[in-house]
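Undergrad: Sequence first, predicted model second:
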Amino acid sequence: MKLIVVENYGEMSRIAADMISKRMLEKPDMTLGLATGGTPTGMYQELIAGASKKNISFKQITTVNLDEYVGLEATHPNSYRFYMNDRFFQHIDIDLENTFVPNGAAADLAQECHWYDETIKQLGGIDLQVLGIGTNGHIGFNEPGTPFDKTTHVVELTESTRKANERFFSEGKVPTHAITMGIKTIMQSKEIVLLSSGEKKADALQQLVEGSITNLFPASVLKLHNNLTIVADQASIKKLDDCLYKELECVNYDQ
Ligand SMILES: O=P(O)(O)OC[C@H]1O[C@](O)(CO)[C@@H](O)[C@@H]1O
């Protein structure tokens, strides 16, 4: 596990965007795993700005998103498909047909989950997966208690996750269920970059780094991944134990 400590949200977003751009140069037809929520919005802005400034093309890129709310159509302003189109895809030259977000409005959700896993397999897996972290340790929408061997599945969201995401809801209530890529699928990604910003993530980051590996705190499984980089700002590393912090492979980001 590598840890890049940055000053603030802006720097975290710039570094995350830069890491992605570098991987795209190495493999222009890469499969990029993407996240939603508040954490990666700055990274998307940086990627959009970088694409126009540095002439970076997403034409050959395929994206797969982590999750989607059950019951929300793609056109619903709070669906994750809407979020991705609105905040990222429509500002770059990506072919929308190469962007995958689970369909939360599918008539047969089990079939949708199966189809999503097959799609990822056919793409040859995920080259780089970007993750945020929930305050209860969820990654994607894998809530505490989710077995580590799960592939894409339907989950019942916890009260705390629904409460945390209320801030985004302009219309109606936060749905009770979601489709999420499973922990097994996430762990099969060749590289994982987890972003963490702000004091409200300090407890979660401490538990991830210092706690034991348990499905009661889903993000803890990431410690078993052989290519994980955490990009965390000062506020979110605030609770890390000094000794343990020194034992980590803390790296500087070389731009
Ligand atoms: O970035 P936020 O809004 O704090 O959310 C944390 C995580 O929870 C989710 O919203 C649930 O999927 C993720 O998209 C995100 O990575």
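TA: Perfect, thanks for sending it. Numbers count the residues shown, from 1 in each chain.

Undergrad: all contacts plus neighbour counts: C-alpha atoms, from now on.
TA: Fine.

Undergrad: The ligand contacts on the chain?
TA: Neighbours of the ligand within the chain, by C-alpha under 6 Å from any ligand atom: A35, T36, G37, G38, T39, D67, L131, G132, I133, G134, G140, F141.

Undergrad: I would like a PyMOL command selecting only the buried ones among those, please.
TA: To isolate the buried subset of the residues of the chain next to the ligand in PyMOL, counting by 16 or more other C-alpha atoms under 10 Å, use the following:
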select buried, resi 35+36+37+39+67+131+132+133+134+140+141
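
Undergrad: Closest to D95 out of the residues of the chain next to the ligand?
TA: Closest to D95 out of the residues of the chain next to the ligand is A35 (18.3 Å), distances taken as C-alpha to C-alpha.

Undergrad: Verify the contact between that closest one and G140 for me.
TA: Yes - counting by C-alpha atoms under 8 Å, A35 touches G140, with 7.3 Å between them.

Undergrad: got the contact list for the helix or strand A178 falls within?
TA: Here A178 sits within strand 177-180, counting by DSSP states H and E. With contact meaning C-alpha atoms under 8 Å, 6 or more residues apart in numbering, strand 177-180 is reached by 66-70, 102, 104, 113, 140-142, 152-157.

Undergrad: change it to 7 Å
TA: By C-alpha atoms under 7 Å, 6 or more residues apart in numbering, the residues outside strand 177-180 that reach it are 66-70, 102, 104, 140-142, 152-157.

Undergrad: do stretch 85-101 as well
TA: By C-alpha under 7 Å, 6+ apart, the residues outside stretch 85-101 that reach it are 44, 48, 57-59, 61-65, 67-68, 81.
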